[in-house]
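Engineer: Prediction below, plus the sequence it came from.
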Amino acid sequence: MSWLWLGANPDSVRPDCVESSRPPPADGAATLFISGYQLFLYNGDGQSHQQFTVDVDIKQQDNLKYFNNANGKLDPSLKTKGWLLSPGERTISFNDFPFFACPADEGGYRLDLARSQDESHAGCIPFEVRTNEQDRPVRCMYTE
């Protein structure tokens, strides 16, 4: 499984974007979609998509991850359902948990979810994930 990064070194996060006639998403952008209350990285219609999960048993950082949904069964503490897109504000949420950007030793920030900003998220920055609609999404696979 892999973590979601913000401000990571662009050389270390290079998606494999299939459509050579179209440019990949802008630096740091990714194409996401929600289906059946589950959040995915878009890899084309009818393709295997990478999926997001939240470890609801972890009280500290590093509980938001993504994986290739073709890799098998998940640990029971990893939840994939609970993602919503608010109709008015166009923000993504998971069971109303706030998002946090937490400084990483490697530089940049790891993205995380928490029930509240407690001592395990000291130094983290709360934020909202806002969306914009894409008429022609670019399909990409990200390293896992």
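Structural biologist: Yes, it's here. Numbering: from 1, shown residues only.
Engineer: Show the pLDDT at Gly72.
Structural biologist: Note for Gly72: predicted pLDDT of 61.
Engineer: Check Ile92 too.
Structural biologist: Looking at Ile92, its pLDDT reads 89.
Engineer: Could you list which residues are in contact with it?
Structural biologist: By Cβ atoms under 8 Å, 6 or more residues apart in numbering, the residues touching Ile92 are 32, 34, 39, 83-85, 129-131. Every residue, glycine included, has its C-beta placed from N, CA and C.
Engineer: cutoff 6 Å now
Structural biologist: Ile92 sits next to 85, 129 when contact means Cβ atoms under 6 Å, 6 or more residues apart in numbering.
Engineer: so it bridges to which residues?
Structural biologist: Leu85, Val129 (DSSP bridges).
Engineer: Look up how far Val138 lies from it.
Structural biologist: Here the criterion is Cβ to Cβ, to the nearest Å. By it, Ile92 lies 19 Å from Val138.
Engineer: same check, this time on Arg90
Structural biologist: 19 Å.
Engineer: So which of the two has more stuff around it?
Structural biologist: Taking neighbours as other Cβ atoms under 10 Å, Arg90 and Val138 compare with Val138 leading, 18 against 13.
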